[in-house]
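Enquirer: okay, here's the prediction I keep looking at, along with the sequence it came from:
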Amino acid sequence: MNIQPVLETEKVALYPLQQADFEALYSVASDPEIWAQHPNKDRWKKDVFQNFFEGAMQSKGAFKIIDKASSEILGSSRFYDYDEQDSSILIGYTFYAVKCWGTGINHAVKSLILDYAFQFVSKVYFHIGASNIRSQIAVSRLGARKVAEQEVSYYGEAPKLNFVYEIKKADWLECHVN
């Protein structure tokens with residue numbers, strides 16, 4: 001499984017994140033409101049975001065999310081912890097510009113990512129911060145169910161409590177056949 005493909009719909013494109021994308025992505029991430037429910041609430045600060053970005057680059061599974069109509073960066077997401085034996089992968093580290101909230105962009109992006117992932121795995125997991133109600137609701141709307149709680153160590157940061165959500169391929173295909 002290629003964990004950093006180019007994925008596109010008519011509205012959005014996911015391109016592999018490049019080092020040269022830092023300033024454009026930081027201009028989105030610098031809004032404190034994005035991180036208000038996140039376990040790492042100060043990620044809007046440039047030095048803290050720099051650490052997040054370095055982790056994204058090292059993951060080799062991170063994307064920049066582009067609005068195809070305007071060519072502007074809307075946010076970022078990534079694949080990580082691909083486990084061929086378990087037939088699973090995680091999707092996370094996702095954030096969007098506040099102007100995208102409630103517009104269907106997250107659903108469109110996650111559907112695109114899930115359709116791709118389920119060509120290769122039978123389960124997709126999400127780590128969602130325990131206090132991130134907005135993201136918990138969003139993944140629940142995709143059909144994910146909470147299956148565990150786990151301390152997660154973000155790259156270069158202290159561990160934080162996350163809820164683990166799961167979507168199984170059979171359930172996804174049953175509800176999202178095109």
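Expert: Nice, I can see it.

Enquirer: which ones are touching the residue nearest to residue 123 when sequence neighbours are not counted?
Expert: Distances taken as Cβ to Cβ, 6 or more residues apart in numbering place residue 88 nearest to residue 123, at 4.2 Å, with adjacent residues excluded. Backbone N, C-alpha and C define where each C-beta goes, glycine included. Contact analysis of residue 88 by Cβ atoms under 8 Å, 6 or more residues apart in numbering lists 81-82, 121-125.

Enquirer: so residue 67 sits against residue 11, correct?
Expert: Yes - counting by Cβ atoms under 8 Å, residue 67 does reach residue 11; the two are 7.3 Å apart.

Enquirer: which members of the contacts of residue 88 are classed as buried?
Expert: Buried by 16 or more other Cβ atoms under 10 Å: 82, 121, 123-125, out of the contacts of residue 88.

Enquirer: okay, those residues in TSV with distance to residue 17 next?
Expert: Listed next are the buried ones among the contacts of residue 88 as TSV, based on distance: Cβ to Cβ, whole Å:
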residue	distance to residue 17
82	17
121	21
123	24
124	20
125	21
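
Enquirer: phi first, then psi, for residue 50.
Expert: Main-chain dihedrals, residue 50, degrees, to the nearest 10: phi -60, psi -40.

Enquirer: also residue 24?
Expert: Dihedral angles for residue 24 - degrees, to the nearest 10 - are phi -70, psi -40.

Enquirer: and it, what does it touch?
Expert: By Cβ under 8 Å, 6+ apart, residue 24 lies in contact with 64, 73.

Enquirer: now do 6 Å
Expert: Applying Cβ atoms under 6 Å, 6 or more residues apart in numbering, we find residue 24 in contact with residue 73.
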